[in-house]
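>>> Structure for this input, please:
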Amino acid sequence: MKRYSISFVFPMFNETENISQTINRASELAKELTDDYEIIVVDDASTDGSAEAVETIAVRDYHIKSIRLKVNSKIGGAIREGFKNASKEVIIYTDFDFPAKEDDIKKALSLLEDADIVTSYSLAIKHLRLKRIIMSKGYNFLAEFLFGLHIQDINAGLKIFRKKVFEDINLKSSSPFIYTEIFAEAAKKNFKIRQYGLIFEIRKKEISRVSKMSIVMRTFYDMLVYRFSR
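You can find the predicted model right below:
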(Lines give C-alpha, C1' and ligand atoms only; values in the text may rest on other atoms or scores of the structure.)
Protein backbone atom coordinates (compact mmCIF):
# COMPACT_ATOMS: atom_id res chain seq x y z
CA MET A 1 0.00 0.00 0.00
CA LYS A 2 1.25 3.48 -0.89
CA ARG A 3 2.53 5.49 2.08
CA TYR A 4 0.95 8.93 2.29
CA SER A 5 1.49 11.76 4.72
CA ILE A 6 -1.61 11.65 6.93
CA SER A 7 -3.72 14.01 9.02
CA PHE A 8 -6.02 12.34 11.53
CA VAL A 9 -8.96 14.60 12.42
CA PHE A 10 -11.06 14.11 15.55
CA PRO A 11 -13.86 16.47 16.60
CA MET A 12 -14.38 16.31 20.36
CA PHE A 13 -16.98 17.35 22.93
CA ASN A 14 -16.79 16.23 26.57
CA GLU A 15 -14.75 13.09 25.94
CA THR A 16 -12.45 12.93 28.97
CA GLU A 17 -12.91 9.17 29.36
CA ASN A 18 -11.85 8.47 25.77
CA ILE A 19 -8.93 10.87 25.29
CA SER A 20 -6.01 8.71 26.35
CA GLN A 21 -7.17 5.59 24.52
CA THR A 22 -8.13 7.41 21.31
CA ILE A 23 -4.90 9.38 20.99
CA ASN A 24 -2.80 6.31 21.81
CA ARG A 25 -4.58 4.20 19.20
CA ALA A 26 -4.32 6.93 16.57
CA SER A 27 -0.61 7.42 17.30
CA GLU A 28 0.20 3.72 17.05
CA LEU A 29 -1.76 3.36 13.82
CA ALA A 30 -0.17 6.47 12.32
CA LYS A 31 3.32 5.10 12.99
CA GLU A 32 2.40 1.94 11.08
CA LEU A 33 1.03 3.86 8.10
CA THR A 34 3.48 6.73 7.62
CA ASP A 35 6.53 8.63 8.82
CA ASP A 36 4.76 11.96 8.37
CA TYR A 37 1.57 12.47 10.35
CA GLU A 38 -0.39 14.77 12.60
CA ILE A 39 -3.33 14.15 14.91
CA ILE A 40 -5.71 17.11 15.01
CA VAL A 41 -8.19 17.26 17.87
CA VAL A 42 -10.80 20.00 17.58
CA ASP A 43 -12.52 20.69 20.88
CA ASP A 44 -16.09 21.85 20.31
CA ALA A 45 -16.26 24.01 23.47
CA SER A 46 -16.16 21.12 25.95
CA THR A 47 -17.17 21.80 29.52
CA ASP A 48 -15.46 18.84 31.25
CA GLY A 49 -11.78 19.67 30.87
CA SER A 50 -11.30 17.67 27.66
CA ALA A 51 -9.49 20.50 25.88
CA GLU A 52 -7.02 20.98 28.72
CA ALA A 53 -6.30 17.23 28.77
CA VAL A 54 -5.50 17.18 25.06
CA GLU A 55 -3.31 20.27 25.36
CA THR A 56 -1.30 18.55 28.09
CA ILE A 57 -0.63 15.62 25.76
CA ALA A 58 0.19 17.97 22.86
CA VAL A 59 2.95 19.61 24.93
CA ARG A 60 4.70 16.23 25.10
CA ASP A 61 4.08 15.14 21.49
CA TYR A 62 4.45 17.58 18.59
CA HIS A 63 2.34 15.32 16.36
CA ILE A 64 -0.75 16.26 18.39
CA LYS A 65 -2.44 19.50 17.34
CA SER A 66 -5.05 20.93 19.71
CA ILE A 67 -7.66 23.39 18.43
CA ARG A 68 -10.29 24.92 20.71
CA LEU A 69 -13.59 26.47 19.63
CA LYS A 70 -15.00 29.07 22.00
CA VAL A 71 -18.62 28.34 21.12
CA ASN A 72 -20.12 24.89 20.57
CA SER A 73 -20.74 24.39 16.86
CA LYS A 74 -22.92 21.25 17.00
CA ILE A 75 -20.17 19.09 15.46
CA GLY A 76 -20.09 20.54 11.93
CA GLY A 77 -17.97 23.54 12.83
CA ALA A 78 -15.43 21.36 14.60
CA ILE A 79 -15.15 19.06 11.59
CA ARG A 80 -14.82 22.04 9.24
CA GLU A 81 -12.05 23.53 11.39
CA GLY A 82 -10.21 20.23 11.50
CA PHE A 83 -10.24 19.81 7.74
CA LYS A 84 -9.17 23.42 7.24
CA ASN A 85 -6.12 22.91 9.45
CA ALA A 86 -5.11 19.52 8.05
CA SER A 87 -1.81 19.85 6.20
CA LYS A 88 -1.04 16.33 4.93
CA GLU A 89 -1.83 14.52 1.66
CA VAL A 90 -4.58 12.39 3.16
CA ILE A 91 -7.15 13.15 5.86
CA ILE A 92 -8.53 10.32 7.98
CA TYR A 93 -11.64 11.33 9.90
CA THR A 94 -13.26 9.17 12.55
CA ASP A 95 -15.49 9.73 15.55
CA PHE A 96 -13.68 10.44 18.80
CA ASP A 97 -14.55 7.09 20.39
CA PHE A 98 -12.55 5.45 17.55
CA PRO A 99 -15.33 3.05 16.40
CA ALA A 100 -13.44 1.59 13.41
CA LYS A 101 -10.91 -1.17 13.93
CA GLU A 102 -7.35 -0.47 12.82
CA ASP A 103 -7.44 -3.22 10.16
CA ASP A 104 -10.57 -1.67 8.64
CA ILE A 105 -8.91 1.74 8.48
CA LYS A 106 -5.94 0.19 6.68
CA LYS A 107 -8.21 -1.60 4.19
CA ALA A 108 -10.25 1.56 3.58
CA LEU A 109 -7.05 3.56 3.04
CA SER A 110 -5.89 1.07 0.38
CA LEU A 111 -9.02 1.91 -1.66
CA LEU A 112 -7.81 5.51 -1.97
CA GLU A 113 -5.31 4.43 -4.64
CA ASP A 114 -8.06 4.76 -7.26
CA ALA A 115 -10.42 7.16 -5.49
CA ASP A 116 -10.55 10.63 -3.96
CA ILE A 117 -12.85 9.78 -1.04
CA VAL A 118 -13.45 6.51 0.80
CA THR A 119 -16.50 6.51 3.04
CA SER A 120 -17.65 3.71 5.30
CA TYR A 121 -20.99 2.12 5.99
CA SER A 122 -22.06 -0.29 8.69
CA LEU A 123 -22.56 -3.96 7.85
CA ALA A 124 -24.64 -4.41 11.01
CA ILE A 125 -27.29 -2.37 12.79
CA LYS A 126 -25.36 -0.17 15.22
CA HIS A 127 -28.33 1.01 17.29
CA LEU A 128 -31.18 -1.15 18.51
CA ARG A 129 -33.42 1.81 19.33
CA LEU A 130 -36.16 2.16 16.72
CA LYS A 131 -35.93 5.96 16.85
CA ARG A 132 -32.25 5.95 15.84
CA ILE A 133 -32.86 3.45 13.03
CA ILE A 134 -35.73 5.51 11.59
CA MET A 135 -33.74 8.75 11.86
CA SER A 136 -30.72 7.23 10.10
CA LYS A 137 -32.68 5.64 7.26
CA GLY A 138 -34.85 8.74 6.83
CA TYR A 139 -31.85 11.03 6.67
CA ASN A 140 -30.05 8.87 4.10
CA PHE A 141 -33.24 8.77 2.00
CA LEU A 142 -33.46 12.58 2.05
CA ALA A 143 -29.80 12.92 1.06
CA GLU A 144 -30.40 10.69 -1.95
CA PHE A 145 -33.73 12.30 -2.87
CA LEU A 146 -32.62 15.93 -2.55
CA PHE A 147 -29.02 15.70 -3.75
CA GLY A 148 -28.81 12.50 -5.81
CA LEU A 149 -26.24 10.96 -3.49
CA HIS A 150 -25.97 7.17 -3.49
CA ILE A 151 -24.13 6.87 -0.19
CA GLN A 152 -25.23 4.00 2.04
CA ASP A 153 -24.51 5.72 5.35
CA ILE A 154 -23.84 9.45 5.06
CA ASN A 155 -22.92 9.93 8.73
CA ALA A 156 -20.83 6.78 9.22
CA GLY A 157 -17.88 7.26 11.55
CA LEU A 158 -14.96 6.67 9.17
CA LYS A 159 -14.13 8.78 6.13
CA ILE A 160 -10.84 9.20 4.24
CA PHE A 161 -10.15 12.09 1.85
CA ARG A 162 -7.41 13.29 -0.40
CA LYS A 163 -6.62 16.80 0.79
CA LYS A 164 -7.21 18.18 -2.72
CA VAL A 165 -10.95 17.52 -2.25
CA PHE A 166 -11.14 20.50 0.08
CA GLU A 167 -9.02 22.92 -1.94
CA ASP A 168 -12.01 24.24 -3.92
CA ILE A 169 -14.86 23.48 -1.52
CA ASN A 170 -16.11 26.22 0.77
CA LEU A 171 -17.84 24.35 3.59
CA LYS A 172 -20.50 26.29 5.49
CA SER A 173 -22.54 23.83 7.54
CA SER A 174 -22.39 23.85 11.34
CA SER A 175 -24.09 20.51 11.96
CA PRO A 176 -23.74 16.86 10.90
CA PHE A 177 -25.13 18.00 7.53
CA ILE A 178 -21.53 18.87 6.74
CA TYR A 179 -20.96 15.27 5.61
CA THR A 180 -23.73 15.57 3.02
CA GLU A 181 -22.41 18.97 1.97
CA ILE A 182 -18.97 17.47 1.35
CA PHE A 183 -20.34 14.61 -0.75
CA ALA A 184 -22.65 16.89 -2.74
CA GLU A 185 -19.86 19.36 -3.50
CA ALA A 186 -17.41 16.54 -4.31
CA ALA A 187 -19.92 15.00 -6.73
CA LYS A 188 -20.29 18.35 -8.53
CA LYS A 189 -16.52 18.39 -9.06
CA ASN A 190 -16.48 14.75 -10.23
CA PHE A 191 -14.34 13.42 -7.41
CA LYS A 192 -14.45 9.62 -7.23
CA ILE A 193 -16.11 8.20 -4.12
CA ARG A 194 -15.70 4.58 -2.99
CA GLN A 195 -17.58 2.91 -0.18
CA TYR A 196 -16.29 0.39 2.34
CA GLY A 197 -18.40 -1.80 4.61
CA LEU A 198 -17.31 -2.65 8.13
CA ILE A 199 -18.63 -3.48 11.57
CA PHE A 200 -18.22 -0.58 13.98
CA GLU A 201 -17.44 -1.05 17.64
CA ILE A 202 -20.27 0.08 19.92
CA ARG A 203 -19.56 3.23 21.93
CA LYS A 204 -18.85 2.19 25.52
CA LYS A 205 -17.85 5.48 27.15
CA GLU A 206 -19.71 8.78 27.10
CA ILE A 207 -22.87 9.27 25.03
CA SER A 208 -23.33 10.05 21.37
CA ARG A 209 -25.03 13.45 21.04
CA VAL A 210 -25.90 13.43 17.34
CA SER A 211 -29.51 12.48 18.07
CA LYS A 212 -30.12 15.45 20.39
CA MET A 213 -33.07 17.46 19.13
CA SER A 214 -31.08 20.71 18.89
CA ILE A 215 -28.54 19.01 16.61
CA VAL A 216 -31.26 17.29 14.56
CA MET A 217 -33.04 20.60 14.01
CA ARG A 218 -29.82 22.37 13.03
CA THR A 219 -29.03 19.55 10.60
CA PHE A 220 -32.35 19.97 8.80
CA TYR A 221 -31.94 23.75 8.81
CA ASP A 222 -28.54 23.44 7.12
CA MET A 223 -30.00 20.94 4.66
CA LEU A 224 -32.72 23.36 3.58
CA VAL A 225 -30.32 26.30 3.34
CA TYR A 226 -27.96 24.27 1.16
CA ARG A 227 -30.79 22.89 -1.01
CA PHE A 228 -32.20 26.32 -1.86
CA SER A 229 -29.05 28.45 -1.93
CA ARG A 230 -26.63 26.50 -4.13
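>>> Same question for the lowest-mean-pLDDT helix or strand in the chain: list its buried residues.
Each helix and strand of the chain was given a mean pLDDT (mean pLDDT, DSSP states H and E); the minimum falls on helix 130-147 at a mean of 84. The neighbour-count check on helix 130-147 (16 or more other C-beta atoms under 10 Å) flags 135-136, 139-140, 142-143, 147 as buried. Using the backbone N, CA and C atoms, a C-beta is placed for each residue, glycine as well.
>>> State the paired neighbours of whichever helix or strand comes after that helix in the sheet, together with their directions.
Counting by DSSP states H and E, the next helix or strand C-terminal to helix 130-147 is strand 158-162. Strand 158-162 sits in its sheet next to strand 90-94 (antiparallel), strand 117-122 (antiparallel), going by DSSP bridges.
>>> coming back round to it: let me know the angle separating the least confident helix or strand of the chain from strand 117-122.
Computed by axes from the mean of the first three to the mean of the last three C-alpha atoms, to 10 degrees, the angle separating helix 130-147 from strand 117-122 equals 150 degrees.
>>> before we move on, back to that, let's have the buried residues of helix 130-147 in JSON lines, adding distance to residue 106.
Shown next, in JSON lines, are the buried residues of helix 130-147 (distance: C-beta to C-beta, whole Å):
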{"residue": "135", "distance to residue 106": "31"}
{"residue": "136", "distance to residue 106": "26"}
{"residue": "139", "distance to residue 106": "29"}
{"residue": "140", "distance to residue 106": "26"}
{"residue": "142", "distance to residue 106": "32"}
{"residue": "143", "distance to residue 106": "28"}
{"residue": "147", "distance to residue 106": "30"}
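>>> from those residues, which is closest to residue 75?
residue 139 (14.0 Å; C-beta to C-beta).
>>> residues contacting that closest one?
For residue 139, the contact set (C-beta atoms under 8 Å, 6 or more residues apart in numbering) comprises 154-155, 219.
>>> change it to 10 Å
Contact partners of residue 139, counting by C-beta atoms under 10 Å, 6 or more residues apart in numbering, are 153-155, 176-177, 180, 216, 219-220, 223.
>>> what do you get for residue 183?
Contacts of residue 183 by C-beta under 10 Å, 6+ apart are 117, 119, 143, 147, 149-151, 154, 159, 191, 193.
>>> of all those, which comes closest to residue 59?
Taking C-beta to C-beta as the measure, residue 59 lies nearest residue 159 of the contacts of residue 183, at 28.9 Å.
>>> Which of the contacts of residue 139 fall in helices?
177, 180, 216, 219-220, 223 (DSSP state H).
>>> Of the residues you listed - the most surrounded one?
Neighbour counts for the ones in helices among the contacts of residue 139 peak at residue 177, which has 28 neighbours (criterion: other C-beta atoms under 10 Å).
>>> correct me, but that residue touches residue 80?
No. Residue 177 lies out of contact with residue 80 (C-beta atoms under 10 Å); the separation is 11.2 Å.
>>> check contacts around residue 76.
11, 44, 171-179, 181, 215, 218-219, 222.
>>> cool, residue 142 as well?
Contacts of residue 142 (C-beta under 10 Å, 6+ apart): 149, 154, 180, 220, 223, 227.
>>> Ok, residue 92 next?
4, 6-10, 26, 29-30, 33, 37, 39, 86, 100, 105, 108-109, 112, 118, 158-161.
>>> same question, residue 51
12-14, 16, 19, 41-45, 66-69.
>>> Between those, which sits nearest residue 185?
residue 42 (20.2 Å).
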